[in-house]
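Visitor: Everything below, folded, please.
(one chain, ligands or ions: 1)
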Amino acid sequence: MSNASKKVAIVTGGSRGIGAAIAERLAADGFAVVINYAGSAAEAEALAGKIVRAGGRAVAAQADVSDAAAVAQMFETAERAFGGVDVLVNNAGVMRLAALADADDAGFDSQVAINLKGTFNTLREAARRLRSGGRIVNLSSSQAGILSPTYGIYAATKAAVEALTHVLAKELRGRNITVNAVAPGPTATRLFLDGKSKELVDHLAKLAPLERLGQPEDIAAAVAFLASADGGWINGQVLRANGGII
Ligand SMILES: NC(=O)c1ccc[n+]([C@@H]2O[C@H](COP(=O)([O-])OP(=O)(O)OC[C@H]3O[C@@H](n4cnc5c(N)ncnc54)[C@H](OP(=O)(O)O)[C@@H]3O)[C@@H](O)[C@H]2O)c1
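Guide: Presented below is the predicted three-dimensional model:
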């Protein structure tokens with residue numbers, strides 16, 4: 001049995017992509033996992049079933065992270081199912097690319113609602129509820145540093161997530177809870193691949209010195225380290241997991 005065998009992790013946006021890889025990895029490391037999703041019930045339930053069949057503990061929990069009441073209910077679901085919460089991974093996120101001159105209000109509002117307010121909603125609950133020894137890992141983006149054209153609103157939401165990370169790490173003084181962010185570079189998921197030509201994907205894949213796209217499992221490994229006993233002295237940091245692109 002691993003150190004994590006009695007610990008409980010909530011992974012937001014766990015139905016596919018990076019969040020699904022994080023949920024699977026934390027379950028393999030011994031955490032009971034709550035796989036949050038907004039609309040993709042079938043995928044989240046299928047992943048929970050796969051983890052349980054492999055001997056792990058998992059439940060799927062619907063909640064739109066931009067809805068504060070739904071987020072509070074999700075924490076209550078986790079506490080009812082597994083007795084408490086030790087780890088929060090704030091992974092749910094959306095990206096809508098547009099030059100500022102062309103960006104519409106709906107794209108601005110959805111990215112702010114999900115990436116920023118969603119992170120605030122879950123951090124507030126976690127700050128009130130996480131047990132001693134807990135870990136919070138927020139998903140930022142290396143775009144908060146690269147700052148490419150068309151990424152302005154998305155990068156701004158992720159810069160805000162990094163600010164919340166640093167502030168909450170200080171506010172949780174005395175609670176024995178770490179708060180960090182992982183900032184992936186281009187990673188092979190729907191969020192990154194949708195709407196891009198093969199030529200553009202190939203070009204972006206070559207930008208990092210390691211000359212490939214990140215895989216969801218690469219990001220899950222970084223999150224798992226921060227959630228583990230070995231990551232316990234890392235606090236208030238942003239870890240860019242990106243093959244060296246910045
Ligand atoms: N892929 C990249 O290149 C990359 C790079 C840097 C950072 N990131 C960050 O990594 C995180 C995961 O991205 P990804 O690439 O894995 O994206 P993805 O494949 O599009 O998956 C996004 C996940 O978030 C969930 N989600 C979306 N809106 C939600 C909401 N309102 N409430 C709860 N869940 C919601 C989706 O579930 P439903 O279908 O149920 O809505 C899905 O499970 C995001 O924060 C993203 O910004 C990704």
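
Visitor: Spell out which parts of this structure neighbour the ligand.
Guide: Taking Cβ under 6 Å from any ligand atom, the part of the chain that reaches the ligand is made up of 12-13, 15-19, 36-40, 64-66, 91-95, 114, 118, 139, 141, 184, 186-187, 189-192. C-betas here are computed from N, CA, C, even on glycine.

Visitor: After the longest helix seen in the chain, which helix or strand is next?
Guide: Of all the segments of type helix in the chain, defined by DSSP state H, the longest one is helix 152-171. Scanning forward in sequence from helix 152-171, with DSSP states H and E defining helices and strands, the next element found is strand 178-184.

Visitor: Direction included, what does that next one pair up with?
Guide: Taking DSSP bridges as the criterion, strand 178-184 forms sheet pairs with strand 135-139 (parallel), strand 238-241 (parallel).

Visitor: now what about the longest one, what contacts it?
Guide: So that's strand 135-139. Around strand 135-139, the neighbours that count as contacts under Cβ atoms under 8 Å, 6 or more residues apart in numbering are 18, 86-91, 93, 119, 123, 126, 130, 161-162, 164-165, 168, 177-184, 219, 223, 226-227, 231.

Visitor: Gly118: what's its closest spatial neighbour, skipping adjacent residues?
Guide: Val65 (3.3 Å; Cβ to Cβ, 6 or more residues apart in numbering).

Visitor: where exactly do the helices run in this structure?
Guide: Taking DSSP H to define them, one finds helices in the chain at 17-28, 41-53, 68-82, 105-111, 118-129, 143-146, 152-171, 190-193, 198-205, 216-227.

Visitor: got the CA coordinates for the fifth one in PDB?
Guide: Right, the one you point to is helix 118-129. Below are the C-alpha coordinates for helix 118-129, written out as PDB (Å, rounded to 0.1, in the frame of the first residue of the first chain):
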ATOM      1  CA  GLY A 118     -14.000  28.100 -11.500                       C
ATOM      2  CA  THR A 119     -10.500  28.000  -9.900                       C
ATOM      3  CA  PHE A 120     -11.600  30.600  -7.300                       C
ATOM      4  CA  ASN A 121     -14.800  28.500  -6.500                       C
ATOM      5  CA  THR A 122     -12.800  25.300  -5.900                       C
ATOM      6  CA  LEU A 123      -9.900  27.000  -4.100                       C
ATOM      7  CA  ARG A 124     -12.400  28.600  -1.600                       C
ATOM      8  CA  GLU A 125     -13.900  25.300  -0.800                       C
ATOM      9  CA  ALA A 126     -10.500  23.600  -0.500                       C
ATOM     10  CA  ALA A 127      -9.200  26.400   1.700                       C
ATOM     11  CA  ARG A 128     -12.100  25.700   4.100                       C
ATOM     12  CA  ARG A 129     -12.100  21.900   3.900                       C
END
